[in-house]
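Undergrad: everything below, folded, please.
(one chain, ligands or ions: 2)
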Amino acid sequence: MTSITKKEFIYNLEKTVHHVDKHYFNDKITTHPNLKKLKVEWSNKMKICAGNVCVYKDGKAIIRLSKPILNKQPSIDILRILIHEMIHLILILDQNDNTHGTNFLNYINLFSEKYKIKVPIKHNFRTIDRKYHWICTKCDFRISYLTKRRPPKKHLSNGDTCHGPCIRKLN
Ligand SMILES: [Zn+2]
Ligand SMILES: [Zn+2]
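TA: Ligands and ions are numbered 1, 2, ... in the order given. Below you'll find the predicted structure:
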């Protein structure tokens, strides 16, 4: 994936998908006989799921990536989510399997072993590794962020508001 820049990722998703298909799926997705047309787009509305894929009866498919969640993430995280959705897509096209079952896990393992890419298993963006962890010095409040940002000045602790300072915790 070295030949694709972050900018291309963001602005040319179609190209990215072809690139990913070629590199990791032997072009099997974009040339799949059960696929008529593949659209990829950013969604401004997706706030919980980082990505999803829909395959329609007429053979059209659409992959959506959440702009609010992925916008500020490094391209490797966007790639991981995109691959997740593309695995769903090929499994749906191949065998109508839209689960995170054995077939899905086989792909996850393949990506991990062959390409050293950790593809998240669930859609929920909490499963993306959050890198910025904070812990309250007074209570047990913990919060993690994907991006570098400060923790809230106050938080709930056993039903009470705690103003204890949060310190950055590494890992
Ligand atoms: Zn999934
Ligand atoms: Zn606290």
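Undergrad: three-state assignment of the spatially most central residue of the chain?
TA: In the chain, the centroid-proximal residue (CA atoms, centre = their mean) is Ile81; its distance is 2.6 Å. Classification of Ile81 by DSSP: H, G, I helix; E, B strand; the rest coil places it in helix.
Undergrad: that one touches Pro120, doesn't it?
TA: Yes. Between Ile81 and Pro120 there is a contact under CB atoms under 8 Å: 7.0 Å. To be clear about C-beta, it is placed using only N, CA and C from the backbone, and glycine gets the same treatment.
Undergrad: hang on, the earlier thing: Provide a list of residues in contact with the residue nearest to the centre of the chain.
TA: When contacts are counted by CB atoms under 8 Å, 6 or more residues apart in numbering, Ile81 touches 50-51, 65, 70, 120, 128.
Undergrad: next one: it from Asn34, what distance?
TA: Look at Ile81 and Asn34: by CB to CB, to the nearest Å, they are 23 Å apart.
Undergrad: what does the protein have sitting close to ligand 2?
TA: Contacts of the chain with ligand 2, taken as CB under 5 Å from the ion, map to 136, 138-139, 141, 157, 162, 164.
Undergrad: among the residues you listed, which are in strands?
TA: In this view, the residues of the chain next to ligand 2 that belong to strands under DSSP state E are 136, 157, 162.
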